[in-house]
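*Asks:* need a 3D model of the following:
(chains A and B)
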2 protein chains.
Amino acid sequence: MNEFMDAAIAEARLGREAGGVPIGSVLVHNGVILGRGHNQRVQKGSAVLHAEMAALENAGRLPARTYRESTLYTTLSPCPMCSGAIELYGIGHVVIGEHQTFMGAEKALEMKGVVLDVLDNDECIQLMTEFIRERPDIWNEDIGEE
Amino acid sequence: MNEFMDAAIAEARLGREAGGVPIGSVLVHNGVILGRGHNQRVQKGSAVLHAEMAALENAGRLPARTYRESTLYTTLSPCPMCSGAIELYGIGHVVIGEHQTFMGAEKALEMKGVVLDVLDNDECIQLMTEFIRERPDIWNEDIGEE
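*Replies:* Numbering: from 1, shown residues only, chains lettered A, B, ... in the order given. As a prediction, this is how the structure comes out:
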């Protein structure tokens, strides 16, 4: 399990190194990473490529069964858009690095029967704490608050 | 109002002509189209670029206020992912071509206070009816059901 969160964190670090929002995600099926990505707001001027969306996009077209058997690892609690994508594709298990710096739509996911594991990972918390302090403007834009 | 649904339908037709899922969308602010797009599952192998997402992506990075003052026009009732994006960005008004061939997450949007107008547009219904009959495999994949 930590191997995959480590891969998500590696994506988040890539985002930070590029001056972007440091959130990363990987989609895992039967122990294999099918897709990986990080937030592309700054790098691609993207309003839709949050980390989870970037990982889903990187995974490409998949049959419904594959999504349903997959686990999505993400360094930060998934926002309503990413949670909606999780719901659309019926991903049943989401491992979340942390939800201290931002609480996403976890309640809605739980109501849909999605199993959530929150790790309270120190590096995930540190990445976001620093970014929010340094670039509150970009962060607020990313969550539709500014 | 019909001018903008016409623009969304024009996007849907572009999708059909390319062999893709015939759903289109435009984001409108103060009478100006800020972004437009159509479903890119077939054309780009995309799992995230539903029509609404493609329109948001095409609009680029926008301040929260702009989203909140905008109306999203879409030829088909928005799925959970697209509805989550609408919620994230606080888009307050969505005009829907039809919800007969697919009912999206309208109830969830209404519970969030989003104003929905459903037009029961004949061309929107026809585009989807024909596509679902001809390519049920792609359609089911697009909504996470196959």
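*Asks:* which residues touch the closest residue to chain B within chain A?
*Replies:* Among the residues of chain A, residue A:84 lies nearest to chain B; the distance is 2.4 Å by CB to the nearest CB. No exception for glycine: its C-beta is placed from N, CA and C like everyone else's. When contacts are counted by CB atoms under 8 Å, 6 or more residues apart in numbering or on different chains, residue A:84 is found next to A:105, B:79, B:80, B:81, B:82, B:83, B:84, B:85, B:87, B:105.
*Asks:* at 7 Å what do you get?
*Replies:* Residue A:84 is in contact with B:80, B:81, B:83, B:84, B:85, counting by CB atoms under 7 Å, 6 or more residues apart in numbering or on different chains.
*Asks:* turn the residues you listed into TSV, including distance to residue B:71.
*Replies:* Conversion of those to TSV gives the following (distance: CB to CB, whole Å):
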residue	distance to residue B:71
B:80	20
B:81	19
B:83	15
B:84	18
B:85	14
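*Asks:* in helices only, show me the residues you listed.
*Replies:* Within the contacts of residue A:84, residues falling in helices by DSSP state H are B:80, B:81, B:83, B:84, B:85.
*Asks:* what does the longest helix along chain A contact?
*Replies:* In chain A, taking DSSP H as the definition, the longest helix is helix A:2-17. Contact with helix A:2-17 is made by A:21-26, A:28, A:33, A:36-39, A:51, A:73-75, A:95, A:97, A:119, A:121, A:123-124, A:127, as judged by CB under 7 Å, 6+ apart.
*Asks:* and that helix, which residues are buried?
*Replies:* A:4, A:5, A:7, A:8, A:9, A:11, A:12, A:13, A:14, A:15, A:16 (16 or more other CB atoms under 10 Å in any protein chain shown).
*Asks:* let me know the closest of the residues you listed to residue B:68.
*Replies:* Of all the buried residues of helix A:2-17, residue B:68 sits closest to residue A:15, with 26.5 Å by CB to CB.
*Asks:* ok, and the closest non-adjacent residue to the closest one?
*Replies:* residue A:38 (3.8 Å; CB to CB, 6 or more residues apart in numbering or on different chains).
*Asks:* what ranges does chain A have for its strands?
*Replies:* A:24-29, A:32-38, A:70-74, A:93-96, A:115-118 (DSSP state E).
*Asks:* quick one: distance of stretch A:124-135 to the chain centre.
*Replies:* Here the centre of stretch A:124-135 is set off from its chain's centre by 15 Å, with CA atoms, centre = their mean, to the nearest Å.
*Asks:* what does that stretch rub up against?
*Replies:* Counting by CB under 7 Å, 6+ apart, A:9, A:12, A:16, A:21-22, A:75-76, A:97-98, A:100-102, A:139 sit against stretch A:124-135.
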